[in-house]
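Asker: Sequence below, structure please.
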Amino acid sequence: MQEPQSIAGPIAAGGGQRPAAAPVVGLKDITGEQWKSGVAAWLGWLFDGLDMHLYTLVALTFVAELLHTDKSDPAVRTYGSWIQASFLIGWALGGGFFGVVGDRIGRTRALMLTILTYAMFTGLSFFAQTWWHLLFCRFAAALGIGGEWAVGASLLSETWPRRWRPWLAAVLQTGVNCGTLVASFAVFLMAGLPPRTVFLVGVLPAFLVLWIRRAVPEPEVWHAAAQREVGGTRPGIRDLFRGPTRRIAVLTLTVCALSLTAHWAFMFWCTQHVKNLPEVQQWTEAERSELASQAMAVVMVSSIAGNFLAAAIARQLGYRRAIVLLFLCYFGAMFGSYCTPRSHSDLWFWLGAAGVSQGVFALFTMYMPPLFPTLLRTTGAGFCYNFGRIAAALGTVFFGLFTKVDDYRLALFYAGFLFLPAAVVASRLPEPPDEPGDAFPESPVD
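Answerer: This next block holds a predicted model:
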């Protein structure tokens, strides 16, 4: 895949900017505005990971408390699944909604709105008194988390050098991994406190908005495209399914629906599976919560390594082949984890393998936005990627209902097979076009 050696354009109007054609050789050539946009997006993703995984680590315990029953009650698993489903649906709708907002009002302002949304409603989860209170708060928080992915990805794809996209995707994805590690650490430290307490940690991202508002400018690419459309009709979601973008949108929706259903079944139920293994049934609740936190930490640490492995593979083979290969690896990891009953000590290797395979989702960050025109960029990336969350939401409920009480192994085993059709469809995706970042070809290059 041919890659230009220069940035797509200046970051913001004003003096002190390096010319657009200046070569980018090393980090010293990156402008201050580029660093600021990169830090803002990375921190936004870190807090995404924090807020999204606080619930998964305390889900059944907190839901049992809200239902005034024991965790072994089947109703806990059912309501816990629906709450997670509402989160994933909110993520999908937020990706589409804030994607349109980001194309209309700009990346930076939309980024601030998404962060404020998920910080506020994650904190409000602390005050939930019934299961539907928690469902509403998780749904609303997910609107912001889904939107932040689309806005942050577009912000970086328009400001940083295109030749660095695979590595930038890896670095950006580590923000989610680190956020999940912070969530695991918070749950570990608060294991002796009521489970609702951990949601107060989710308020912290709100303070990031104060810095973004002052320091991070809008990309010049977006300004130029917006000025060209003054007085015209701005494109919307329906335009994704017209002309040259239709094939890209349909393929991307299908890949995301299949892969994210399998991925979120794993992310939500793998810790519950570890906590309910036969050999830990006699442990205290605090000890089992610590074990679940450790399992998630293994997945996240290995996922950080997987991000950079995915970038290296994409540099050598291209995005399409790298995505297909990592989907097959993810399937192999879930097959190995759950094809037979394993003790928690036997699961560590397989959980690590699944984490490494999750690097595939890092590639989506820089891969998807350039497939769409500038004023459809956050709309396209946000809608297509996050709409797969709706399928993932239904899958989470299905696999939760499919399981026997306190036994999630078979549900996880069968969920892994969804990566096989995802790999087949992904093989039909194009590589990103070689045109500059603010251009869009008449038809995608296949």
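Asker: just the helices in the stretch 301-446 of the chain please.
Answerer: Counting by DSSP state H, counting those that start in this stretch, the stretch 301-446 of the chain has helices at residues 319-338, 344-357, 359-367, 377-402, 409-415, 419-426.
Asker: Can you spell out which helices and strands pack onto the third one?
Answerer: The helices and strands touching helix 359-367, judged by 3 or more CB pairs under 8 Å, 6 or more residues apart in numbering; DSSP states H and E, are helix 131-157, helix 165-189, helix 245-275, helix 285-317, helix 319-338. C-betas here are computed from N, CA, C, even on glycine.
Asker: now those in CSV, with distance to Tyr408 and mean neighbour count?
Answerer: Converted to CSV, the helices and strands packed on helix 359-367 look like this (distance: least, CB to CB, whole Å; neighbours: other CB atoms under 10 Å):
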stretch, distance to Tyr408, mean neighbour count
helix 131-157, 20, 27
helix 165-189, 19, 23
helix 245-275, 4, 23
helix 285-317, 12, 20
helix 319-338, 9, 22
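Asker: Val424 is nearest to which of the ones you listed?
Answerer: Nearest to Val424, of all these, is helix 319-338, at 8.3 Å by CB to CB.
Asker: any idea of the mean pLDDT for the closest one?
Answerer: For helix 319-338, mean pLDDT is 95.
Asker: quick one: which of the helices and strands packed on helix 359-367 is nearest Tyr79?
Answerer: Comparing those by their distance to Tyr79 (CB to CB), the top pick is helix 131-157, with 4.8 Å.
Asker: tell me which strands and helices that closest one is in contact with?
Answerer: Applying 3+ CB pairs under 8 Å, 6+ apart, we find helix 131-157 packed against helix 32-67, helix 74-105, helix 107-124, helix 165-189, helix 359-367, helix 377-402.
Asker: Could you check the angle it makes with helix 107-124?
Answerer: 160 degrees (axes from the mean of the first three to the mean of the last three CA atoms, to 10 degrees).
Asker: Show me how far helix 131-157 is from its chain's centre.
Answerer: 10 Å (CA atoms, centre = their mean, to the nearest Å).
Asker: Tell me the spacing between the residue nearest to Arg246 when sequence neighbours are not counted and Cys256.
Answerer: The shortest distance from Arg246 to any non-neighbouring residue, by CB to CB, 6 or more residues apart in numbering, is to Leu240 (7.3 Å). Leu240 is 13 Å from Cys256, where distance means CB to CB, to the nearest Å.
Asker: again, but for Thr78
Answerer: For Thr78, the distance to Cys256 - CB to CB - is 26 Å.
Asker: give me the number of residues near the residue nearest to Arg246?
Answerer: Applying other CB atoms under 10 Å, we find 23 other residues in the vicinity of Leu240.
Asker: wait, it sits on Phe383?
Answerer: Yes: applying CB atoms under 8 Å, one finds Leu240 in contact with Phe383, separated by 6.4 Å.
Asker: okay, and for the stretch 1-150 of the chain, where does confidence drop off?
Answerer: Across the stretch 1-150 of the chain, residues meeting the criterion (pLDDT under 70) sit at 1-27, 29.
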